[in-house]
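> generate a structure from the sequence data that follows.
(2 chains)
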Amino acid sequence: MIPAIGLSLGIIIGLLLQPAVPVWLQPYLPIAVIAALDAVFGAVRAILDGIFDDKVFVVSFLSNVVVAAFIVFLGDKLGVGSQLSTGVVVVLGVRIFSNVAAIRRHLFDA
Amino acid sequence: MTRPAPTDRRPDASMTLLTSMLQRPLDPGYAAAADRREAQGKPRATSLRSPLLVVATVLIGLVVGVASYNLTTANKPRSQARADLIGQIEDRRAEVDQLTTQASTLQGQLTALETEQLGSDALTTRTREVASQVGAVPLHGPGFVLTLDDAPGAGADDSAEGGGQADQGRVLAKDLRFVTNALWESGAEAVSINGERLTATSAIRFAGSALVVDFRPLTRPYVITALGDPKRFPAAFADGPGGTYLSTLRSTFGIRVDTDVSGDLTVPAAVGLTTRYARSGDTGNATPSPGSTPSPSAS
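You can find the predicted model right below:
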């Protein structure tokens, strides 16, 4: 319950404050969102599995974001930014899908 | 050459990346941490109320909120800058239009005053004749209007950029140049494109994907007004290279061409008709030979 409240609070603050993100940071925003979603679904699955750990959650989120941003940055420097972004999105997307499938099995037994 | 005996390798061992990605999607860290806690005699899962978790969830929510706000196209700084630039262009264009109107009004007044003051001796008649030929005064008379437009679906909407297909059906500077040259050739006495009088120094060219006549961008459709002998001129144009060129444009590229013969058309005066380097000498009695009509080649 508390994490859900925190999540919605963060979204509301972000939408209300409307902070302007500098242009150089904008390519990283979609990647950050995908990484955040991956961490959230991983955490939900861990909660349902009964093995949730807050430190692992925080560290996995931060490392996801940092590694994904680094890969995109590296790709930009090498001139293959869009391809590497696609790679990051595919990997994190597959993880999100399998985590959601596991959550579904927990919730609906199907 | 014998194949090695089959071992207990998995058949998909060469696809370990895919298997591991699909079968172990959860961070192994969760299971490891749970095992560690169990070994210490604590419950496998931690509480959901730790301050660290609250901070992290607020942070994640913030990332999602900020991203969703910033990734909405309307809020991008780039589109703001674009809107600013479009506004500036429109302001300046309105300014130019206003100054053009003012200039042509003043030019009209000047001509009227000149006529009033100078009367009508041979020299002023000659001057007026030359002025009408070089485009310094507006002219009206019989002629025809030629309307060229991009082929349907080609550049008709601004969103369809690039794309070899779309560019095929667009009116190019080359086309306008050819058509205007053909008009002069078949006896046009004055030509204007979208209200821009063509003179001996006019240029029709491309700037990016926009057509520019005398450094002023044109918008489609391109309306060419040409004055000339009503009996001879339209037929001469239709039978000459211009007519052939236009029918090729129409049949091959689908460019829309409309011709409208009219008895009374107006061609405005050219604005800003000056020479930049050439100066007039003492032409007191050196009358130009009457046969030398200006032959403005619009290229």
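
> would you state the helices of chain B in chain order?
Ranges of helices within chain B are B:16-23, B:28-39, B:51-70, B:77-118, B:122-134, B:164-168, B:173-185, B:233-239, B:241-248, based on DSSP state H.

> enumerate the positions of the last one that are buried.
If I follow you right, that is helix B:241-248. For helix B:241-248, a neighbour-count test (16 or more other Cβ atoms under 10 Å in any protein chain shown) marks B:242, B:243, B:245, B:246 as buried. Glycine gets a C-beta too; all of them are placed from N, C-alpha and C.

> residue A:21: what secondary structure?
Three-state assignment for residue A:21 (DSSP: H, G, I helix; E, B strand; the rest coil): coil.

> returning to what we had before: can you put the helices of chain B in TSV and add distance to chain A and mean pLDDT?
TSV is the format used below for these (distance: least, Cβ to the nearest Cβ, whole Å; pLDDT from 0 to 100):
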stretch	distance to chain A	mean pLDDT
helix B:16-23	6	68
helix B:28-39	4	80
helix B:51-70	2	84
helix B:77-118	6	85
helix B:122-134	51	79
helix B:164-168	23	57
helix B:173-185	34	86
helix B:233-239	52	84
helix B:241-248	41	86
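
> please identify which of these is closest to residue A:32.
helix B:51-70 (5.1 Å; Cβ to Cβ).

> got the angle for the closest one vs helix B:77-118?
Put simply, helix B:51-70 runs at 20 degrees to helix B:77-118, going by axes from the mean of the first three to the mean of the last three Cα atoms, to 10 degrees.

> residues contacting helix B:51-70, please?
Identification of contacts with helix B:51-70 by Cβ atoms under 8 Å, 6 or more residues apart in numbering or on different chains yields A:2-4, A:6-15, A:17-21, A:26, A:29-30, A:32-33, A:36-37, A:39-40, A:54-55, A:57-58, A:61, A:65, B:75-76.

> are any of those residues buried, and which?
For the contacts of helix B:51-70, buried by 16+ other Cβ under 10 Å: A:3, A:6-7, A:9-11, A:14, A:21, A:29-30, A:32-33, A:36-37, A:39-40, A:54, A:57-58, A:61, A:65, B:76.

> tell me what the lengthiest helix in chain A is packed against?
Determined from DSSP H, the single longest helix within chain A is helix A:81-108. Judged by 3 or more Cβ pairs under 8 Å, 6 or more residues apart in numbering or on different chains; DSSP states H and E, the packing partners of helix A:81-108 are helix A:28-49, helix A:54-78, helix B:16-23.

> now the longest one: how far from the chain's centre is it?
In terms of Cα atoms, centre = their mean, to the nearest Å, the gap separating the centre of helix A:54-78 from the centre of its chain is 9 Å.

> buried residues in it, which are they?
Along helix A:54-78, these residues count as buried under the neighbour rule (16+ other Cβ under 10 Å): A:54, A:56-61, A:64-65, A:68-69, A:71-72, A:75-76.

> just give me the closest of those residues to residue B:190.
Nearest to residue B:190 among the buried residues of helix A:54-78: residue A:76, at 56.4 Å, using Cβ to Cβ.

> state the pLDDT value of the closest one.
pLDDT, residue A:76: 85.

> and it, how far is that from residue A:28?
Using Cβ to Cβ, to the nearest Å, residue A:76 is found at 10 Å from residue A:28.

> now do residue B:242
57 Å.

> next one: residue B:249
Distance from residue B:249 to residue A:28, by Cβ to Cβ: 49 Å.

> residue B:172 against residue B:205, yeah?
No. Look at residue B:172 against residue B:205 with Cβ atoms under 8 Å: they stay out of range, at 10.2 Å.

> could you pull out the residues contacting both of these two?
Counting by Cβ under 8 Å, 6+ apart, the contacts common to residue B:172 and residue B:205 are residue B:211.

> which residue would you name as the spatial centre of chain B?
residue B:210 (2.9 Å; Cα atoms, centre = their mean).

> who's in contact with it?
B:217, B:218.

> any idea what it is bridged to?
Beta-bridge partners of residue B:210, counted by DSSP bridges, are residue B:207.

> tell me the pLDDT at it?
78.

> next: residue B:291.
43.

> ok, the closest residue in space to residue A:93 that isn't next to it in sequence - how many residues close by?
Counting by Cβ to Cβ, 6 or more residues apart in numbering or on different chains, residue A:34 is the residue found nearest to residue A:93 once chain neighbours are left out, at 7.0 Å. Neighbourhood size, residue A:34 [other Cβ atoms under 10 Å in any protein chain shown]: 23.

> also residue A:28?
20.

> so it makes contact with residue A:67?
No. Using Cβ under 8 Å, residue A:28 is not in contact with residue A:67; the gap is 11.9 Å.

> domain ranges for chain B?
Here the domain parsing of chain B from automatic domain parsing is B:48-98, B:138-156+B:166-267.

> hey, which of those domains is tucked in deepest?
Among these, judged by mean count of other Cβ atoms under 10 Å in any protein chain shown, the one packed with the most neighbours on average is domain B:138-156+B:166-267 (a mean of 18).

> between its first and last residues, how far does that domain reach?
6 Å (Cα to Cα, to the nearest Å).
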